[in-house]
Structure formats: C-alpha cells, structure tokens
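Engineer: Got a sequence here, can you build the structure:
(one chain, ligands or ions: 1)
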Amino acid sequence: MAAVTPLLVTRDLCRTFGGLRAVDQVSFSLPEGETHAIIGPNGAGKTTFVSLICGRVAPSSGSVVFAGDEISRMPAHRRVRAGIAYTFQITSVFANLTAFDNVALAVQRRLIDDRARGLSARALTEQGMDALTRVGLAEHAGKVAGNLSYGHQRLLEVAMGLALKPRLLILDEPTQGLSDGEIDNFIALVRQIGAEATVLLIEHNMDVVMALAERITVMEQGRILAQGTPDEIRADNAVQQAYLGG
Ligand SMILES: Nc1ncnc2c1ncn2[C@@H]1O[C@H](COP(=O)(O)OP(=O)(O)OP(=O)(O)O)[C@@H](O)[C@H]1O
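Structural biologist: Now for the predicted structure:
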C-alpha cells in the first residue's frame, strides 16, 4: 500500500527573535483529516509555530510543505487561498461591521478566488448564514461585532475561518473567554469541523484537548517534548513533570 502523503510537514523549522529560539528545529507531520492539539507552557513557541505555518511569521530556517507544495516563502494571503485558515488569540474581527458582514467578507474572499463559481448575492447570504449557524451565532447576525461578548467574537472568528472552507483550520486558544456551556458547544462544533477538515488546535484547557485531539504534540522551549495519543501523553513521565504538574 502506498504511504499517504501528510497534509502538512515541517522540516527543521526554526524562528529566532534576537537570541531567543522561539521555534527550534521542529519537524512535524500532520495527516489529512486529523484533529491535532499543541500544548505546552506559556512561551513554549506554540503560537510562533502555527504563525510559521500560516505565514504570519517568516522562518529563520527550515521548511513548511502543505499538500505537497513548499510554502515556506509564500505570503499569508496565498496560503489562505491554498486552504489554510486560522484564528488567533487576538480577535481580528472588524469591530464596526455586523457579525454577518464579517463572515460575508470571508465567503467573498473565497468565492472571488473560485472564479468558475462566480459571486452571487444569494450564495453570499446562504454561506455566510450557514457559517454563523454552525457556531451558534445566527441570532446575532445583525449585531455590530464590536458589541458582541469576547467569547462570541472568538466564535465569530471561527465562523470566518469556516466560511473559507479550509483544508486546514488552525485555532489558537479558541475557548479562551468562553463560558462552560459555550465550551461544550465548541467541542461539538470542532468535532463536526473535524469530519471535513484537518484541525490544528492550540489549547490550554486540557478537558478540551482530551475531548478533541486524536494526537497531541507537547512543546517546551521551542522544541517538541513529546507526541502521541491523549492516553500516551497522559502517561508520559517527561510531560507529567514539565507540564501536567507531576
Ligand atoms: N514578535 C516577537 N518578538 C520577540 N519575541 C517573540 C515574538 N513572538 C514571540 N516571541 C517570544 O517567543 C517565545 C515563544 O512565544 P509564543 O507566543 O510562540 O509561545 P506560546 O507557546 O504560544 O505561549 P502562550 O501559551 O503564552 O501563547 C516567547 O518567549 C515570546 O516572548
């Protein structure tokens, strides 16, 4: 049987800031369809690592290969077009636009790229509302995004990511600021997304990690400390000591 090509591969990926090695020789492989969590203490390099994947930060050395293509030097907007969508710790919604207009912009971005399908107002409305419904924000469609709660703004960002219909969705601490009830809904949502897309999730809430991740990577000081299934990570002594508090 032919080996399946991973959707994403990084080889010896490095990023330094001054003398600090934020990401240090990280070689990582993500099979298509997997929901994968990255955990690790504050400052471990998790955000920098996913920023290198989506093109917000340029590598000092090493490579990123997505769907078989070398993308290390590709600008971020072209990576979005290639199928990488992401939401980050700092919300990037347009505060003065309504929730609907925010997702409509994301849909538009994709449909403009997809020239064969053209852009119809109906498609825009349907797909925008579909993304809002999936994250549970349909009833807030007409509200100005800046007036939504912080947690709802995070969900709106996820809706914007979904509207891009990505192959790889990167979520950086998506449950920060969500209530317990919203976290439960979020877990259900990511399960649904995970049926269609590959998901890379940075998350501090271990209940969320254990509920969602098929595999986990633990980072510490810019490096991969351990990798495995949730059970393997729970049982790993080095991880216990470094991160899970013994
Ligand atoms: N633009 C930057 N300039 C200088 N140093 C940076 C920059 N971005 C990140 N760093 C440093 O790189 C290291 C890794 O940061 P990073 O944000 O990737 O960690 P993290 O694991 O995502 O942490 P957290 O869980 O707190 O978000 C930290 O020491 C951070 O201060």
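Engineer: Which stretches in this protein count as strands?
Structural biologist: Secondary structure of the chain (DSSP state E): strands located at 8-17, 20-30, 35-39, 61-66, 69-70, 84-87, 168-172, 198-202, 215-220, 223-228.
Engineer: Just put those in TSV and tack on mean neighbour count and mean pLDDT.
Structural biologist: Where C-beta positions appear, they are placed from N, C-alpha and C, glycine not excepted. Formatted as TSV, these follow (neighbours: other Cβ atoms under 10 Å; pLDDT from 0 to 100):
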stretch	mean neighbour count	mean pLDDT
strand 8-17	18	98
strand 20-30	18	97
strand 35-39	23	97
strand 61-66	18	97
strand 69-70	10	96
strand 84-87	25	87
strand 168-172	24	93
strand 198-202	24	96
strand 215-220	22	96
strand 223-228	18	95
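Engineer: Need the ones you listed in JSON lines (columns: distance to the ligand).
Structural biologist: Shown next, in JSON lines, are the strands of the chain (distance: least, Cβ to the nearest ligand atom, whole Å):
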{"stretch": "strand 8-17", "distance to the ligand": "3"}
{"stretch": "strand 20-30", "distance to the ligand": "3"}
{"stretch": "strand 35-39", "distance to the ligand": "8"}
{"stretch": "strand 61-66", "distance to the ligand": "15"}
{"stretch": "strand 69-70", "distance to the ligand": "23"}
{"stretch": "strand 84-87", "distance to the ligand": "13"}
{"stretch": "strand 168-172", "distance to the ligand": "8"}
{"stretch": "strand 198-202", "distance to the ligand": "7"}
{"stretch": "strand 215-220", "distance to the ligand": "6"}
{"stretch": "strand 223-228", "distance to the ligand": "11"}
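Engineer: Next, format these as JSON lines and append distance to R110.
Structural biologist: JSON lines is the format used below for the strands of the chain (distance: least, Cβ to Cβ, whole Å):
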{"stretch": "strand 8-17", "distance to R110": "20"}
{"stretch": "strand 20-30", "distance to R110": "22"}
{"stretch": "strand 35-39", "distance to R110": "22"}
{"stretch": "strand 61-66", "distance to R110": "17"}
{"stretch": "strand 69-70", "distance to R110": "19"}
{"stretch": "strand 84-87", "distance to R110": "9"}
{"stretch": "strand 168-172", "distance to R110": "13"}
{"stretch": "strand 198-202", "distance to R110": "17"}
{"stretch": "strand 215-220", "distance to R110": "28"}
{"stretch": "strand 223-228", "distance to R110": "32"}
